[in-house]
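Participant: any chance you could fold what I've pasted below:
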Amino acid sequence: MKCVKRLSAWLVLLMLAPVAWASQVTVIDNNSKPLANMVVYLKPSITVDLSAFPIPETPQIVRQKDKQFSPYILVMRAGSKVAITNEDNISHHVYSAAGVKRFSIKMPKQSKSDVLQMTKAGEVALGCNVHDWMSSYLKVVDTPFYGLTDKDGNIHFNSVPSGEYQLVVWHPQLQAEAQQQTSQVTLPKKDPLTIKVTADILPIPQQKTIDEFEFWESY
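Facilitator: Model prediction:
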């Protein structure tokens with residue numbers, strides 16, 4: 001009898017617990033073409049046990065190679081760490097003059113920066129004081145449900161509890177308020193979710209200079 005009561009109580013708790021959702025979101029433009037490298041994240045309106053989604057301990061890496069940043073966009077959760085490497089045989093000087101994390105780091109050739117922790121949600125725009133065409137963006141989000149779309153405009157979310165969410169699509173060149181488009185979604189959904197971005201997206205700035213010469217070699 002006691003076993004039956006325990007089983008009944010366990011079943012009630014299971015029914016009350018949020019159901020984990022796993023599915024696909026596809027981001028397209030006004031012409032129904034897939035949009036790659038778009039930041040997509042889900043901000044829950046429900047209470048989520050964040051202990052089930054630990055922040056990664058390993059720092060993410062922004063590379064400087066061939067006088068370019070790579071990747072152009074890096075998305076991470078608030079509290080995550082990042083480091084910057086210089087893989088060129090010349091000096092760089094990485095800086096962020098605005099946003100949620102400001103810094104200025106001289107980067108000798110073949111070097112690596114100290115680890116930086118991104119404690120606040122928002123954007124961090126990276127530049128180089130030596131090569132002013134270099135640019136990159138860190139997008140820091142306050143949710144464990146985030147990522148970048150692939151070449152087909154798809155992103156897959158796993159273990160997302162059922163409930164109400166604000167779905168945000170962000171890109172630094174998106175010509176919308178705060179460079180983002182938001183929508184309210186209720187999860188789970190039976191079918192893949194398609195989001196059409198209505199605003200224009202400007203081309204990513206060309207990551208090279210017209211004049212091929214070096215200066216401040218011993219910077």
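Participant: could you list the domains of this protein?
Facilitator: Using automatic domain parsing, the domain parsing of the chain gives 19-53+144-207, 54-142.
Participant: burial count for Pro56?
Facilitator: Here the number of neighbours of Pro56 (other CB atoms under 10 Å) works out to 11. Heads up, the C-betas are built off the backbone N, CA and C, glycines and all.
Participant: what's near enough to touch it?
Facilitator: Pro56 is in contact with 77, 80, counting by CB atoms under 8 Å, 6 or more residues apart in numbering.
Participant: for it, give its distance to Val169.
Facilitator: Per CB to CB, to the nearest Å, Pro56 is found 23 Å from Val169.
Participant: pLDDT weak spots in this structure?
Facilitator: 1-22, 209-219 (pLDDT under 70).
Participant: measure stretch 191-207 end to end?
Facilitator: In stretch 191-207, first residue to last residue: 39 Å (CA to CA, to the nearest Å).
Participant: which non-adjacent residue is nearest Asp142?
Facilitator: Excluding its sequence neighbours, the residue lying closest to Asp142 (CB to CB, 6 or more residues apart in numbering) is Ala121, at 4.1 Å.
Participant: which residue ranges of this protein form helices?
Facilitator: Assigned by DSSP state H, the chain shows helices spanning 2-16.
Participant: how much space between the residue nearest to Asp142 and Met76?
Facilitator: Ala121 sits 10 Å away from Met76, going by CB to CB.
Participant: who touches both of those two?
Facilitator: Residues touching both Ala121 and Met76 (CB under 8 Å, 6+ apart): 140-141.
Participant: who's more crowded, those two?
Facilitator: Using other CB under 10 Å, the more surrounded residue of Ala121 and Met76 is Met76, with 19 against 16.
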